[in-house]
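Trainee: Curious how this folds, go ahead:
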Amino acid sequence: MRSGFARQVSWLALGRIFASVVQASGLVLLARSSSPDTVGVVMVFIAFASVPQVVFDAGLSTYVIRERALHKRSPSIPLALSYGTRLALTLGILTLVSLILLGWFANSTYFLMLPLCIWIAAERNADLWLGLLVADGDAERNVLILVARRLLTVLIFELAVLLSVDPILGFSMGMMFSALLGVVVTRRQIIPSLGFPEAIGFRELMRRTRHFWMNSVFAQARNLDAILVSSFAGPVQAGFYSMGTRLINPLRILPDSLAGVMLPAASRGTYRPTEFRKKVIVVIGGISALFVLIALSCPIAIPIFLGAAYEGMVPATQIIVVGLAFGSVASILNALLMARGHEHAVAVTTGLTTGLCIVGVVIGASSAQSFGAAVGAAVSFVIQAAIVVTLGRRYRLI
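Mentor: As a prediction, this is how the structure comes out:
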């Protein structure tokens with residue numbers, strides 16, 4: 001069932017928020033049932049897992065959404081899904097080897113995390129297939145499957161605790177089975193609507209997806225910022241900076257949801273620049289107003305919720321919030337540009353501004369600690385937004 005543009009954005013945003021709350025509750029339960037050092041091992045692994053997931057995605061997730069929007073039974077889609085499955089299996093095997101080596105030479109806790117090798121492969125593959133539902137205008141089923149996966153993780157973990165299974169093993173099993181559920185259910189939804197695969201090789205497919213892949217990898221490289229702040233400003237300032245960026249991560253859900261719906265909607269032949277310009281201006285205006293209010297509330301909210309010891313992170317957090325407003329503009333317009341076939345320009349822009357972000361964070365952290373690092377990152381977002389707005393006007397998309 002196709003739903004309207006605004007309804008799809010609402011479904012994705014609210015669904016992802018609820019899924020994030022469920023996921024956070026699972027992490028709280030894990031923290032309460034295990035020691036901090038052990039939980040730290042799991043959290044670090046899951047955090048770093050996002051990097052190989054992006055690398056092994058190879059740009060296929062974005063590519064299949066655009067292809068699906070252009071032609072529902074495009075022969076490129078089943079081919080891309082097939083290769084995506086192979087890449088996911090390769091990622092799972094490499095993760096298995098890594099966990100065994102880490103468990104043998106570093107910490108035996110990694111042996112309890114072995115189910116995560118299946119999770120990382122199944123999660124990557126399920127997300128690849130789920131994107132097709134958004135392309136079909138069916139955000140409802142996309143969200144319901146996502147929420148079901150998160151709930152199943154918590155339920156299996158709770159059952160494992162009741163059965164006296166080690167908490168880390170129970171949590172890993174919950175992650176594994178929920179991801180497998182996503183694979184099974186999503187494939188049952190999608191397979192009947194697929195056409196016959198195109199007779200091209202892996203190299204040709206990668207040539208078509210390389211700019212989508214480059215954009216994702218460059219964007220992921222921004223996550224090096226916390227490590228750089230720690231190196232150049234010390235752990236305390238890195239804590240201020242990292243805490244600020246993590247606390248505002250939920251704010252990314254709305255612009256990311258809009259970008260997710262924008263990509264397939266703008267890919268279709270019915271695209272009208274004037275109509276989309278109005279939608280983009282309204283959403284960007286609302287997001288910007290929200291971010292300004294949050295930035296103004298930081299001096300009051302941070303000491304209340306985190307304590308007086310964290311007052312030092314207020315200026316950096318305010319700058320991060322303002323920078324994220326510009327980052328949201330860039331994210332939305334990047335989706336629009338990719339939808340209309342300008343993924344090369346998006347990849348170049350993201351690569352350039354990621355480099356500027358890294359340089360800005362290093363210079364800022366060295367000269368003005370967490371505040372300077374936040375300014376460096378925010379400036380890169382401002383430049384990125386300015387570039388994509390210019391590109392959008394140049395190509396007459398807005």
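
Trainee: who does the helix or strand harbouring Ser10 touch, helix- and strand-wise?
Mentor: In this assignment (DSSP states H and E), Ser10 forms part of helix 5-33. Helix 5-33 sits against helix 36-57, helix 139-162, helix 167-190, helix 253-267, helix 273-306, with contacts defined as 3 or more CB pairs under 8 Å, 6 or more residues apart in numbering; DSSP states H and E. Placement of C-beta: from N, CA and C, glycine included.

Trainee: Apply 7 Å and report the result again.
Mentor: Under the contact criterion of 3 or more CB pairs under 7 Å, 6 or more residues apart in numbering; DSSP states H and E, helix 5-33 touches helix 139-162, helix 167-190, helix 253-267.

Trainee: Ok, which of the ones you listed comes nearest Ser82?
Mentor: Ranking those by proximity to Ser82 (CB to CB) places helix 167-190 first, at 12.0 Å.

Trainee: just checking, what packs against the closest one?
Mentor: helix 5-33, helix 36-57, helix 109-112, helix 116-135, helix 139-162.

Trainee: didn't Pro315 look like it was pressed against Ser370?
Mentor: No. When contacts are counted by CB atoms under 7 Å, Pro315 is not listed as touching Ser370 (8.0 Å).

Trainee: Neighbour count for these two, which is higher?
Mentor: Neighbours per residue, other CB atoms under 10 Å: of Pro315 and Ser370, the larger number sits with Ser370, 28 against 20.

Trainee: before we move on, the earlier item: using JSON lines, lay out the helices and strands packed on helix 167-190 together with distance to Gly286.
Mentor: Shown next, in JSON lines, are the helices and strands packed on helix 167-190 (distance: least, CB to CB, whole Å):
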{"stretch": "helix 5-33", "distance to Gly286": "11"}
{"stretch": "helix 36-57", "distance to Gly286": "28"}
{"stretch": "helix 109-112", "distance to Gly286": "44"}
{"stretch": "helix 116-135", "distance to Gly286": "21"}
{"stretch": "helix 139-162", "distance to Gly286": "19"}
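
Trainee: Looking at the ones you listed, spot the one closest to Leu224.
Mentor: Taking CB to CB, helix 36-57 is the member of those nearest to Leu224, at 10.0 Å.

Trainee: contacting residues around the helix or strand following the closest one?
Mentor: Using DSSP H and E, the helix or strand that follows helix 36-57 towards the C-terminus is helix 60-70. Here helix 60-70 makes contact (CB atoms under 7 Å, 6 or more residues apart in numbering) with 74, 76-77, 80-81, 84, 127-128, 131-132, 134-136, 208-209, 212, 263-264, 267-268, 338-339.

Trainee: what angle sits between helix 60-70 and helix 253-267?
Mentor: 50 degrees (axes from the mean of the first three to the mean of the last three CA atoms, to 10 degrees).

Trainee: mind exporting helix 60-70 as CSV, just the C-alpha atoms?
Mentor: What follows is helix 60-70, C-alpha atoms only, in CSV (Å, rounded to 0.1, in the frame of the first residue of the first chain):
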residue,chain,number,x,y,z
LEU,A,60,23.8,-1.4,-2.9
SER,A,61,21.2,-0.2,-0.4
THR,A,62,20.9,3.3,-1.9
TYR,A,63,21.2,1.9,-5.5
VAL,A,64,18.3,-0.6,-5.1
ILE,A,65,16.0,2.0,-3.6
ARG,A,66,16.5,4.3,-6.6
GLU,A,67,16.2,1.5,-9.1
ARG,A,68,13.0,0.2,-7.4
ALA,A,69,11.4,3.7,-7.6
LEU,A,70,12.3,4.0,-11.3
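
Trainee: What's the separation between Ala31 and Trp213?
Mentor: Using CB to CB, to the nearest Å, Ala31 is found at 35 Å from Trp213.

Trainee: ok so, going back, how about CSV for the helices and strands packed on helix 5-33, with mean pLDDT, distance to Ser366 and mean neighbour count added?
Mentor: Rendered in CSV, the data for those read as follows (pLDDT from 0 to 100; distance: least, CB to CB, whole Å; neighbours: other CB atoms under 10 Å):
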stretch, mean pLDDT, distance to Ser366, mean neighbour count
helix 139-162, 90, 40, 19
helix 167-190, 92, 38, 21
helix 253-267, 82, 30, 23
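
Trainee: now the contacts of helix 60-70: which count as buried?
Mentor: Buried members of these, counted by 16 or more other CB atoms under 10 Å: 74, 76-77, 80-81, 84, 127-128, 131-132, 134-136, 208-209, 212, 263-264, 267, 338-339.

Trainee: number of nearby residues for Gly92?
Mentor: For Gly92, the count of nearby residues is 21 (other CB under 10 Å).

Trainee: Ok, the one 5 residues further on next?
Mentor: Val97: 11 surrounding residues under other CB under 10 Å.

Trainee: next one: His344
Mentor: His344, neighbours per other CB under 10 Å, totals 15.
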